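Participant: sequence and predicted model, in that order:
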Amino acid sequence: QQQVKQSPQSLIVQKGGISIINCAYENTAFDYFPWYQQFPGKGPALLIAIRPDVSEKKEGRFTISFNKSAKQFSLHIMDSQPGDSATYFCAASMSNAGNMLTFGGGTRLMVKP
Amino acid sequence: NAGVTQTPKFQVLKTGQSMTLQCAQDMNHEYMSWYRQDPGMGLRLIHYSVGAGITDQGEVPNGYNVSRSTTEDFPLRLLSAAPSQTSVYFCASSYWTGAEQYFGPGTRLTVT
């Protein structure tokens, strides 16, 4: 039973376009929502994270949008570049349960030149 | 700093064999964890440790053992390898459980 569901599994975007990856969660006790980026042959690395007291967080071309009532959050990559081609994982954790991360299934993004 | 290192990078085992995946970090992190990554499943927590001498089970602990005798090292032992344990294994560390996790480069394990 996956507590964090991620879609789509794969995504192809043209250079300069917007990449959107969505995640939905079930447990309302989650209070930390990070996104990790993984390049082939490497371990995941933290990209951006949000807590539920804000609805949006932006860092450069990367934005997290958070909808607490819908229990959904999404990653938007503006002006997508070929160098953004990677696998992206959303995750969630609960501070009252040890902060263990629960990951979504991952999205493989390919940005075509 | 080398960060989080894992050895070996690749390993092939026969069913029933045992082995140890090594993980070390030089960032003086208290929290260390092991994940397995399978297609479409994301990363699933196997075992974790909040400090030397303290370990606990994650989501998928069966068939794996861990120990944490030092802050730096957190080895993962496969007791009797099964084909279902074919996966990519990642070790991660952080200052505390809620902080950014730093992942190693992974070990690709195949069990035949």
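Facilitator: Great, that's in hand. Numbers count the residues shown, from 1 in each chain, chains lettered A, B, ... in the order given.
Participant: count of neighbours near the closest residue to residue B:17 other than its chain neighbours?
Facilitator: Of all residues not flanking residue B:17 in the chain, residue B:81 sits nearest, at 5.1 Å (C-beta to C-beta, 6 or more residues apart in numbering or on different chains). Bear in mind the C-beta positions are built from the backbone N, C-alpha and C, glycine included. By the criterion of other C-beta atoms under 10 Å in any protein chain shown, residue B:81 has 22 neighbours.
Participant: tell me which helix or strand in chain A has the weakest average pLDDT.
Facilitator: Ranked by mean pLDDT, DSSP states H and E, the helix or strand of chain A with the weakest confidence is strand A:102-103, at a mean of 92.
Participant: output the contacting helices and strands for that strand.
Facilitator: If you count contacts as 3 or more C-beta pairs under 8 Å, 6 or more residues apart in numbering or on different chains; DSSP states H and E, strand A:102-103 packs onto strand A:86-92, strand B:42-51.
Participant: pick the most deeply packed of these.
Facilitator: Highest mean neighbour count of those: strand A:86-92, a mean of 24 (counted as mean count of other C-beta atoms under 10 Å in any protein chain shown).
Participant: starting at the chain centroid, how far to it?
Facilitator: 5 Å (C-alpha atoms, centre = their mean, to the nearest Å).
Participant: now do it: everything it contacts.
Facilitator: A:3-4, A:6, A:21, A:23, A:25, A:27, A:30, A:32-40, A:44, A:47, A:73, A:75, A:101-104, A:106-109, B:42-43 (C-beta atoms under 8 Å, 6 or more residues apart in numbering or on different chains).
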